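S.K.: Need coordinates for the following:
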Amino acid sequence: MFTPDFVQDPYRFYADLRTRGDIVFLGGLGKDTWLVPTYEGVATVLDDASVPSSGPGALFEQFGLEDRTRLQDFQELLGCALPFLEPPEHTGWRRVMLKAFARQHVDAMRASIVGLADRLLDQAAEWGEFDFIADYANLLPAQVAATLLGVELADHVRFTVWARDIAAFVGRPTSSIATAERAQAAALALHEHLKEIILERRRNPRQDAVSLMVAEAAASAVPLRLLSLLL
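M.R.: Numbers count the residues shown, from 1 in each chain. The predicted model follows:
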């Protein structure tokens, strides 16, 4: 998995994986690696409170002690992200997130999101051709997330680059140290950028997800670890 052949054509692997059951053990990706390729399997795992988060530590075990020490800030930051939190912290922050991303709030941003999609397609039309994955599918989710968080349009390029560099490391079971260091630099830069946005929203709230999460966190007496959570 994640060999050049897999990257070129992953669909045969996925099809074979689904024939092997809802939850499949796969060697070669690290210690005790399980893949969940079906909807039923994912629903079962997510609905089972006894299944703990593995934390981000497994991502860093591939490196030696010296490299792990250099990446310590990144690992600590990832450890505060929602997917790696356990109850009660996870429960409290999930409640905050649900309030901020309730249907009515997302619907209110529909026009902005459609505008982002149209802008990328207009750009493709000007070029005459484009790579759908690189120039649209990879960019749109990051730009939508930036919009939901209230990131100014002028900052979308930086936000997209940071998101890409982080995903290049987090989304793969094995990475080079250079990829990990780029991801760490991006995560720390994103963290500082979000900190500025959060401080500004505390002073001057808007109708965006950050303002809603800050207000809900204060009302729920949840410690304001929003900075790391947004990663």
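S.K.: Need the residues that contact stretch 141-158.
M.R.: Residues outside stretch 141-158 that contact it (Cβ atoms under 8 Å, 6 or more residues apart in numbering) are 101, 106, 109, 112-113, 116, 120, 159-160, 163-164, 189, 193-194, 197, 201, 206, 208-211, 230. The C-beta positions use only the backbone N, C-alpha and C, and glycine is treated the same way.
S.K.: any idea where the strands of this protein begin and end?
M.R.: Ranges of strands in the chain, per DSSP state E, are 24-25, 34-35.
S.K.: Let's have those in CSV, adding mean pLDDT.
M.R.: Output for the strands of the chain, formatted as CSV (pLDDT from 0 to 100):
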stretch, mean pLDDT
strand 24-25, 84
strand 34-35, 81
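S.K.: List only those of the contacts of stretch 141-158 flagged as buried.
M.R.: Taking 16 or more other Cβ atoms under 10 Å as the criterion, what is buried in these is 109, 113, 116, 120, 159-160, 163-164, 193-194, 197, 201, 208-211, 230.
S.K.: residues contacting G41?
M.R.: Contacts of G41 by Cβ under 8 Å, 6+ apart are G21, D22, I23.
S.K.: I'd assumed L35 was in contact with the second one.
M.R.: Spelled out, it's D22. No. Using Cβ atoms under 8 Å, D22 is not in contact with L35, being 10.1 Å away.
S.K.: Could you measure from A43 over to C80?
M.R.: 27 Å (Cβ to Cβ, to the nearest Å).
S.K.: between those two, which one's more packed in?
M.R.: C80 (19 against 12; other Cβ atoms under 10 Å).
S.K.: okay, and for the protein, where does confidence drop off?
M.R.: 1-2, 27-32, 53-54, 153, 220-231 (pLDDT under 70).
S.K.: cutoff 50 now
M.R.: The model of the chain has pLDDT under 50 over residues 226-231.
S.K.: By residue count, what's the longest helix in it?
M.R.: As assigned by DSSP state H, the longest helix anywhere in the chain is helix 177-203.
S.K.: Buried residues in that helix, which are they?
M.R.: Neighbour-count burial for helix 177-203 flags 180-184, 186-187, 190-191, 193-194, 197-198, 201 (criterion: 16+ other Cβ under 10 Å).
S.K.: Show me what that helix is packed up against.
M.R.: The contact analysis (3 or more Cβ pairs under 8 Å, 6 or more residues apart in numbering; DSSP states H and E) places helix 177-203 against helix 65-70, helix 72-79, helix 156-170, helix 209-220, helix 226-229.
S.K.: what angle separates that helix from helix 156-170?
M.R.: Between helix 177-203 and helix 156-170, the angle comes out at 130 degrees (axes from the mean of the first three to the mean of the last three Cα atoms, to 10 degrees).
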